[in-house]
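Chemist: sharing a sequence plus its predicted fold:
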Amino acid sequence: MRKVLLKKGNLFMSEKIDCDNLLANIQKTRTLLDKIIETYDEFLENDLKLLGKKQTTAMVVAEVLVDYYTCLETLFFRISQFFENGLEAKRWHADLLDKMQLEVPGIRNAFIDESLKRDLLELMRFRHFRRYYFELNHDWDKLDFMTKKLKNIHGALPQRFDDYQGFLISIKEELEK
């Protein structure tokens, strides 16, 4: 539980800065994720069509999937820190997704729902596999499946970002009373 939420009416500058910093991080992440998708779409439309599905293009696809998830996970970690959520050391990546789905009435809203969590788990597992098992013989069926998941995730995020930014702004306004 974030101590800032227990001090309604007694806004301290550091708490306002924390909230402003998190809002700025959310906006920065939105921009980065949009750029990743924009670049990826250009790659799919141009380079992949020109070069075809081979190992070098598979490496690009795999890297985009990893970068996208890592960018989003970094934001989730910052949100978790803001609300002082402890994470299990042995499975903190999965625990982090659990926390982002968790709604604590009067304290914090959930960032993701069950459907989005399932898609994010697929991306997280892919990233884990990609990072620790250096496979150069990529399965294009799996990459196509993961691209579909990525598109689903990216399509669902704008509303999630809007909702969460609104939630944080309401916290900030409450603190300023």
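Modeler: Happy to help now that I have it.
Chemist: show me where this structure dips below the pLDDT cut-off.
Modeler: 1-17, 132-136 (pLDDT under 70).
Chemist: tell me the centre residue of it?
Modeler: Leu72 (2.3 Å; CA atoms, centre = their mean).
Chemist: element containing Leu23, please.
Modeler: Under the criterion of DSSP states H and E, Leu23 resides in helix 13-42.
Chemist: ok, the residue nearest to the centre of the chain touching Ile36?
Modeler: No: using CB atoms under 8 Å, Leu72 is not in contact with Ile36; the gap is 9.7 Å. In this view, the C-beta of every residue, glycine as well, is placed from N, C-alpha and C.
Chemist: all helices of the protein, in order?
Modeler: 13-42, 48-51, 55-82, 92-101, 114-132, 140-176 (DSSP state H).
Chemist: so what's the residue nearest to the centre of the chain up against?
Modeler: The contact partners of Leu72, by CB atoms under 8 Å, 6 or more residues apart in numbering, come to Thr29, Leu33, Leu120, Ile153, Leu157.
Chemist: against Leu102, how distant is the nearest residue to Lys172 once chain neighbours are set aside?
Modeler: When the adjacent residues along the chain are set aside, Lys172 lies closest to Cys19, with 4.8 Å between them (CB to CB, 6 or more residues apart in numbering). Computed with CB to CB, to the nearest Å, the distance linking Cys19 and Leu102 is 19 Å.
Chemist: the two: who's more crowded?
Modeler: Neighbours per residue, other CB atoms under 10 Å: of Cys19 and Leu102, the larger number sits with Cys19, 20 against 16.
Chemist: ok, that one - contacts?
Modeler: Val4, Phe82, Leu168, Ile171, Lys172, Leu175.
Chemist: now do Trp92
Modeler: Trp92 touches nothing, counting by CB under 8 Å, 6+ apart.
Chemist: let's see 10 Å
Modeler: Neighbour list for Trp92: Phe77, Ser80, Gly86, Lys99 [criterion: CB atoms under 10 Å, 6 or more residues apart in numbering].
Chemist: kindly report the same for Phe145.
Modeler: With the criterion set at CB under 10 Å, 6+ apart, Phe145 makes contact with Glu122, Phe126, Asp139.
Chemist: show me what contacts Leu123?
Modeler: Leu65, Val66, Tyr68, Tyr69, Thr70, Leu72, Glu73, Met146, Lys149, Leu150, Asn152, Ile153.
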